[in-house]
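Visitor: Below is the sequence, then the predicted model.
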Amino acid sequence: MKRALITGVNQLEMGEGKHPVPLENEVVVQVEACGICATDRHIFAGVYPMDFPITLGHEYAGTVVEIGSAVKTIKVGDRVAVDPNVVCGVCDFCRRGNVHLCAGLTPLGITRSGGYAEFSAVPEQNAYVMPDSMSFEAGGMLEPLSCAIRGAQLAEVKLGDTTIVMGGGPMGVCLVQLLRISGSSKIIVVEPNPVRQKLALQLGADIAIAPSEDIQEIIWSHTKGLGADIVFEASGNSGVALTALSLVKRGGTVMWFGCCSKFDSIPISPFWVNDAEITIKGSFNNPFTHSIALDLVSTGRVNVDALVTDRIPLDRLLDAMDHGNFKDAMKVMIMPRMQGNTQTKGADNV
């Protein structure tokens, strides 16, 4: 089978790999669509340390072509979306219900071979059967959406909250839609790209501003000088994470949702956090939220098809590892079965 193997920092080898053989509790998925995540680009660039070689790709969906002898809930021909996070089930974190913090976590597309290939072996419990009405691209988007759901849950959004989302990429716009259906009365997006601003407004944001503007003054004008109840940092930029602290109201919450570099740090005043009773939270992974994402998409409550702007064959993965080649894109999808050096743009599904 064809697969893309990351052999080192900024090194990608396209070639033939062994067709996966399922263990008794696994299914083999013919990959139809696999999204490119910022984490993939960070691993490729060496920002996110990883053991090589590895076939990346953790946002994917496809068709089951083979099942292991012990598989009970999935059959050949099922269309499935993949939750990449494979947990051990026996460590202290797993046994206390914190499976996302699993000491033996081995995610597909991170430490196990993932979706940048024609076929992938997936544990039965990590494959979610999709309705026929759901596109494979939407199935690939369930993983990022499920992570956004976790972030919204931890932030404890309440009816009437004023919320800010710093970053209007795919994760930011997923958050916007979740905030809208969770009852946020005002959603403000901070995003420099006008294309992304427009999509955020179409999918539920009330206001979109650029970082080059006087953000604090604008936020103050829309919040009676108080700041937002909840500020989500969804850009993965440590400078933006610092700015988020200046936009939250007293008693509010800052959710550091984006994945900043592990080597970055920012200054925080413990006095101010104490005096203003600020809550600062992080959100990692997607524990028990993949099925929620599937339900929200299949019922039309959240639109993820609109976030898929580019579809390219596996042979063009190296191009896509440089975000500059797709600067106006939202989500770029690798389509392993697409032939040739082609590219298709997503329709306006808003």
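Guide: Structure's in. What do you need?
Visitor: Can you give me the domain boundaries for the chain?
Guide: Structurally, the chain divides into domains by automatic domain parsing as follows: 2-129+304-345, 148-282.
Visitor: Take the ones you listed and lay them out in CSV including mean pLDDT, distance to Leu296 and mean neighbour count.
Guide: Using the backbone N, CA and C atoms, a C-beta is placed for each residue, glycine as well. Shown next, in CSV, are the domains of the chain (pLDDT from 0 to 100; distance: least, C-beta to C-beta, whole Å; neighbours: other C-beta atoms under 10 Å):
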stretch, mean pLDDT, distance to Leu296, mean neighbour count
domain 2-129+304-345, 94, 9, 18
domain 148-282, 96, 8, 19
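Visitor: how about TSV for these, with distance to Asp295 added?
Guide: What follows is the domains of the chain, written out as TSV (distance: least, C-beta to C-beta, whole Å):
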stretch	distance to Asp295
domain 2-129+304-345	10
domain 148-282	10
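Visitor: Between these, which one is closest to Gly140.
Guide: Taking C-beta to C-beta, domain 2-129+304-345 is the member of the domains of the chain nearest to Gly140, at 4.5 Å.
Visitor: So Ala152 versus Arg311, what's the distance?
Guide: Distance check for Ala152 against Arg311: by C-beta to C-beta, to the nearest Å, it reads 28 Å.
Visitor: nearest residue to Ser133 other than its sequence neighbours?
Guide: With C-beta to C-beta, 6 or more residues apart in numbering as the criterion, Ser133 has its nearest non-adjacent residue at 6.9 Å, and that residue is Ser298.
Visitor: Neighbours of the one you found, how many?
Guide: 15 (other C-beta atoms under 10 Å).
Visitor: returning to that earlier point: compare the domains of the chain and report which one is nearest to Gly139.
Guide: Relative to Gly139, the nearest member of those by C-beta to C-beta is domain 2-129+304-345, separated by 2.8 Å.
Visitor: how far out from the middle of the chain is the closest one?
Guide: Relative to the chain's own centre, domain 2-129+304-345 is displaced by 12 Å; criterion: C-alpha atoms, centre = their mean, to the nearest Å.
Visitor: Let me see the contact set for Ile54.
Guide: Leu5, Ile6, Ile43, Ile110, Thr111, Ser113, Gly114 (C-beta atoms under 8 Å, 6 or more residues apart in numbering).
Visitor: Give the bridge partners for it, please.
Guide: Under the criterion DSSP bridges, Ile54 forms beta bridges with Ile6.
Visitor: Apart from its neighbours in sequence, what residue is nearest Met321?
Guide: Counting by C-beta to C-beta, 6+ apart, the residue nearest Met321 is Phe44, at 4.9 Å.
Visitor: State the three-state secondary structure for that neighbour.
Guide: Secondary structure state of Phe44, per DSSP: H, G, I helix; E, B strand; the rest coil, is helix.
Visitor: how near is it to Phe52?
Guide: From Phe44 to Phe52 the distance is 10 Å (C-beta to C-beta).
Visitor: list the residues that contact both of the two?
Guide: Ile6.
Visitor: re earlier: could you pull up the residues touching the residue nearest to Ser133?
Guide: By C-beta under 8 Å, 6+ apart, the contact set of Ser298 is Met130, Pro131, Ser133, Met134.
Visitor: and with 10 Å instead?
Guide: With contact set as C-beta atoms under 10 Å, 6 or more residues apart in numbering, Ser298 has these partners: Met130, Pro131, Ser133, Met134, Ala138, Leu142.
Visitor: Show me the helices in the stretch 51-200 of the chain, by range?
Guide: Ranges of helices in the stretch 51-200 of the chain, per DSSP state H, counting those that start in this stretch, are 92-95, 136-155, 170-182, 194-202.
Visitor: out of those, which comes closest to Val29?
Guide: Closest to Val29 of those is helix 136-155 (C-beta to C-beta; 10.4 Å).
Visitor: just the angle between that closest one and helix 170-182, please?
Guide: 60 degrees (axes from the mean of the first three to the mean of the last three C-alpha atoms, to 10 degrees).
Visitor: Please put the alpha-carbon coordinates of helix 136-155 into CSV.
Guide: What follows is helix 136-155, C-alpha atoms only, in CSV (Å, rounded to 0.1, in the frame of the first residue of the first chain):
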residue,chain,number,x,y,z
PHE,A,136,-15.8,11.1,4.9
GLU,A,137,-14.3,14.6,5.2
ALA,A,138,-16.8,15.3,8.0
GLY,A,139,-15.8,12.0,9.6
GLY,A,140,-12.2,13.2,9.6
MET,A,141,-13.3,16.5,11.3
LEU,A,142,-14.9,14.6,14.2
GLU,A,143,-11.5,14.4,16.0
PRO,A,144,-10.8,18.1,16.1
LEU,A,145,-14.5,18.8,16.9
SER,A,146,-14.4,16.3,19.8
CYS,A,147,-11.3,18.2,21.2
ALA,A,148,-13.2,21.5,20.9
ILE,A,149,-16.1,19.9,22.7
ARG,A,150,-13.8,19.0,25.6
GLY,A,151,-12.5,22.6,25.7
ALA,A,152,-16.1,24.0,25.9
GLN,A,153,-17.0,21.5,28.6
LEU,A,154,-14.0,22.4,30.8
ALA,A,155,-14.7,26.1,30.3
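Visitor: No further questions, thank you.
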